[in-house]
Each structure stands twice: as structure tokens, then as C-alpha cells.
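Trainee: here is a sequence with its predicted model. Questions after.
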Amino acid sequence: MTTEGPQFAPEGWEQQSYQPDRTSEVTGDYLLPPMPPPPPNNSRTPIIIGIVAIIVLLAVAGAGWIVWSRISGVEGSPTAGSLASDMPTLSPTRGTRPVNLPAGAVQCEAVTGAQGEFTRSARGNESTSCPFAEEARIAYARSGAASESPRTVTVYSPVTKKLYDMSCRQTGPGPLVTCTGGNDAVVYLF
């Protein structure tokens, strides 16, 4: 059955037309969910990254220094020099025997306590100072036990403020070690 004419909805029904939500009827743009606000401009971020990078570099450098000093047996900076009074003492060996120094040797006053098996030093000639002899005692003691085999140690001179290589070896009965080198220096350790 066809009915001509307007059609009416049953009573109680309202006719609704679907219209999408629009921000503007002119443009036809649909509403989008609200955008989150942009992150705040934190100007401290590069500073924090820089500080963390410096800390990491210092940690790596410190670890490298520790590894290098253990491998080479060096404590402290060799270019900065060392004063004997600033150096820690090593424990002395008990039962050291008396030593007869060669003629012309001048015994030096100990600036530190015993260094390994060595409690004193002497300068062997006029080219050698007692502060240098004491530094040689400390350097040789740190390099290991006395040996008849020559061993080269680097010694800081408090007088010239330079480093010198000294060849040291046990030369006599008892704990006598003779070191030669530098600028014609002769040092006796005992």
C-alpha cells in the first residue's frame, strides 16, 4: 500500500537528524581531542647532561690512573715530584746488619722512617745531595727487594726539581745497595 503525502512518525516519536560535531559550519573541521600542552622548555637539561658527562670522564680517568699506577708501580705524579717527608713509610725488615760504607761516603740524615729494608742513605760524592739520596732510597725500596741484578729507578731531585734515572744493585755484604746515574750521582742505601 502506497500512501501519498507526508509521512508522520508515530505519536511520541521525535524525528532527529544526525549532525556531526563541527567546530565551524563553514570549514567543516571535525573536533579533535585536546592536544597535551607542549613540554616545558627546560634550559637546565644541557647543563645536567654536561655535568654527568664530566663525572663519567673523571671516573674513567681515575680508573685509568689506578690501573696505570698499579702496572708501573708508581704512586703519585712523577712530574709533580715528591718530598721525602710527604711519602708514606714502608715497614722495616727486622734484623738488619751493620754496613761499612765506602771511603768518602757521607751518611745522610733520614727524612722518613725505614723504607722496606733500608733505613738510611749516604751520598757517595760531591755531585750528590742528601735530599736526592733520600729520594733514591724511597724509590728503590718501592721498586722491590734488594737484588744483585741492576734495576733502574727514576728518582726526583728536590734540588734541581728534575727526574733522573739511577741504576741500583746490591753491592756488598748486608743490605748495601749502590745507585749510580743522573748527573754523576752516587748513592748508597742501607
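Mentor: Great, that's in hand.
Trainee: how about the CA coordinates for stretch 145-159, as CSV?
Mentor: Extracted in CSV, the C-alpha atoms of stretch 145-159 (Å, rounded to 0.1, in the frame of the first residue of the first chain):
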residue,chain,number,x,y,z
ALA,A,145,113.6,-6.1,47.4
ALA,A,146,117.4,-5.6,47.1
SER,A,147,118.9,-7.6,44.3
GLU,A,148,122.4,-8.1,42.8
SER,A,149,120.8,-7.6,39.4
PRO,A,150,120.9,-4.0,38.3
ARG,A,151,117.5,-2.3,38.4
THR,A,152,116.7,1.2,37.1
VAL,A,153,114.6,3.5,39.2
THR,A,154,113.5,7.1,38.5
VAL,A,155,114.4,9.5,41.2
TYR,A,156,113.1,13.0,41.8
SER,A,157,115.7,15.6,42.8
PRO,A,158,114.3,18.2,45.3
VAL,A,159,117.4,20.3,44.5
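Trainee: mean confidence score for the lengthiest helix in the chain?
Mentor: What stands out as the longest helix in the chain, according to DSSP state H, is helix 45-72. Regarding helix 45-72, the rounded mean pLDDT is 84.
Trainee: give me the sheet partners of the helix or strand just after that helix and which way each runs.
Mentor: Using DSSP states H and E, the helix or strand that follows helix 45-72 in sequence is strand 106-107. Sheet pairing of strand 106-107 (DSSP bridges) gives strand 121-123 (antiparallel).
Trainee: direction included, what does the host helix or strand of V187 pair up with?
Mentor: Taking DSSP H and E as the definition, V187 sits inside strand 185-189. The pairing partners recorded for strand 185-189 under DSSP bridges are strand 121-123 (antiparallel), strand 177-181 (antiparallel).
Trainee: now it - C-alpha only, PDB.
Mentor: The C-alpha coordinates for strand 185-189 follow below in PDB (Å, rounded to 0.1, in the frame of the first residue of the first chain):
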ATOM      1  CA  ALA A 185     125.400  10.900  41.300                       C
ATOM      2  CA  VAL A 186     126.400   8.100  43.600                       C
ATOM      3  CA  VAL A 187     124.100   7.000  46.400                       C
ATOM      4  CA  TYR A 188     124.400   4.200  49.000                       C
ATOM      5  CA  LEU A 189     121.400   2.700  50.500                       C
END
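Trainee: residues in contact with P131?
Mentor: Counting by Cβ atoms under 8 Å, 6 or more residues apart in numbering, P131 makes contact with A84, V111, S157, P158, V159. C-betas here are computed from N, CA, C, even on glycine.
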